[in-house]
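Asks: based on what follows, work out the 3D shape:
(one chain, ligands or ions: 1)
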Amino acid sequence: MKLTGRSAIVTGGASGIGRAAAIALAAEGCAVMVTDIDDAGGEETLALIEKAGGTVGYRHQDVADEATWIQVVADTMAAHGRLDILVNNAGIGSGQLVTEMSLEAWNNQVAINLTGVFLGTKHAIPSMRKGGNGGSIINISSVAGLEGSAGLAGYCATKGGVRLFTKAVAKEYAADKIRCNSVHPGIIDTPIWTKIDEGGLDAMEQLRAPGANSLNADMIAAAGAPLGFAGLPEDIANGIVFLASDDSRYMTGSELVIDGGWTA
Ligand code: NAP
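Replies: As a prediction, the model looks like this:
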């Protein structure tokens, strides 16, 4: 087990990539604090990890709220005595043409996808420093943080922001042995796609596979990823465990792209 005795916070852990990451970290011996706004999903993740014998806690958290971040970090320190790993995973996708995007929709996306990452990083670092063991911050960006996509300008802006924020943090806290890397998933089969689809967004049309009536991760991946299929949340969780562990001890400020060849 690569993470025995360590402690992590995983945001957006009620679903998709966050849930898979929380389970994978726990399977490596890490104590995990799962947070989300979806309490039912969060409790399910909690139960899955507990059933497998892992150490886990759950807190309701909107990542855009600073006061809650202070509480979540304090609760993690109280429960597990240390903080080694932060996975800034919570995020939303919103597909709209720029000329049709309301300021409210833009601000909401920025608040969750970018400000949430800033707040988590800001409040986790002092506890990581206190332990003296360094730490690993893993920010979930996207292939949309590497290249532009019509209809996803707001999402691309936030994910591109996460990418460079990560590199700046890597330089700022390297002396404390706190590493900070970004992960760039391609098309991963999680509920996020149905949530985007539920918005009925014409701007996403170009992501639709020919003949498909709705957004479907596998169809999108088949249309754009050389490997021809959508990844699973576990494919990203494997990368997160690697970045959390000492196997990646010489990596900071890096971009781990896991996209089936989408950006190749
Ligand atoms: P998901 O299945 O929708 O999971 C995201 C979780 O975050 C959901 O439980 C969601 O709750 C929660 N959440 C939403 N707003 C929140 C907030 N303000 N505070 C705390 N939690 C919040 O999505 P996913 O695909 O696993 O995505 C995880 C991350 O990967 C995101 O950052 C996403 O942008 C990124 N990503 C995903 C893909 C992909 O193809 N799936 C590709 C590239 C990058 P609700 O269900 O209540 O909204």
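
Asks: CA only for contacts and neighbour counts going forward, please
Replies: OK.

Asks: how much space separates the residue nearest in space to the middle of the chain from residue 231?
Replies: In the chain, the centroid-proximal residue (CA atoms, centre = their mean) is residue 89; its distance is 1.9 Å. Applying CA to CA, to the nearest Å, the value for residue 89 to residue 231 is 16 Å.

Asks: mind listing what residue 159 touches?
Replies: 113, 114, 141, 142, 144, 145 (CA atoms under 8 Å, 6 or more residues apart in numbering).

Asks: what parts of the stretch 151-264 of the chain come near the ligand?
Replies: 185, 186, 187, 188, 189, 190, 191, 192 (CA under 6 Å from any ligand atom).

Asks: quickly find the element holding residue 122.
Replies: Element membership of residue 122 [criterion: DSSP states H and E] is helix 116-131.

Asks: report the buried residues of that helix.
Replies: 116, 117, 118, 119, 120, 121, 123, 124, 125, 127, 128, 129 (16 or more other CA atoms under 10 Å).

Asks: from residue 90, how far off is the third one?
Replies: Applying CA to CA, one obtains 12 Å for the distance of residue 118 from residue 90.

Asks: which ones among the residues of the stretch 151-264 of the chain next to the ligand map onto strands?
Replies: residue 185 (DSSP state E).

Asks: out of the residues of the stretch 151-264 of the chain next to the ligand, which end up buried?
Replies: Judged by 16+ other CA under 10 Å, buried ones among these: 185, 186, 187, 188, 189, 190, 192.

Asks: which one of the residues of the stretch 151-264 of the chain next to the ligand is nearest residue 218?
Replies: residue 189 (6.9 Å; CA to CA).

Asks: can you show me the helices along the stretch 101-250 of the chain?
Replies: Per DSSP state H, counting those that start in this stretch, the stretch 101-250 of the chain carries helices over the ranges 103-110, 116-131, 153-173, 192-198, 217-224, 233-244.

Asks: so which of these gets nearest residue 70?
Replies: Counting by CA to CA, and looking across all of the helices of the stretch 101-250 of the chain, nearest comes helix 116-131 at 6.3 Å.

Asks: surely residue 261 touches residue 228?
Replies: No: counting by CA atoms under 8 Å, residue 261 stays clear of residue 228, with 9.0 Å between them.

Asks: returning to what we had before: packing partners for the helix holding residue 122?
Replies: Applying 3 or more CA pairs under 8 Å, 6 or more residues apart in numbering; DSSP states H and E, one finds that helix 116-131 contacts helix 66-80, strand 85-88, strand 135-140, strand 178-185.

Asks: kindly reformat these as TSV containing distance to residue 34.
Replies: Shown next, in TSV, are the helices and strands packed on helix 116-131 (distance: least, CA to CA, whole Å):
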stretch	distance to residue 34
helix 66-80	10
strand 85-88	10
strand 135-140	15
strand 178-185	19
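
Asks: tabulate these (TSV), appending distance to residue 8 and mean pLDDT.
Replies: Shown next, in TSV, are these (distance: least, CA to CA, whole Å; pLDDT from 0 to 100):
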stretch	distance to residue 8	mean pLDDT
helix 66-80	8	98
strand 85-88	4	99
strand 135-140	9	99
strand 178-185	14	99
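
Asks: tell me, how many residues neighbour residue 59?
Replies: Using other CA atoms under 10 Å, residue 59 has 19 neighbouring residues.

Asks: so what's residue 65 up against?
Replies: When contacts are counted by CA under 8 Å, 6+ apart, residue 65 is found next to residue 116.
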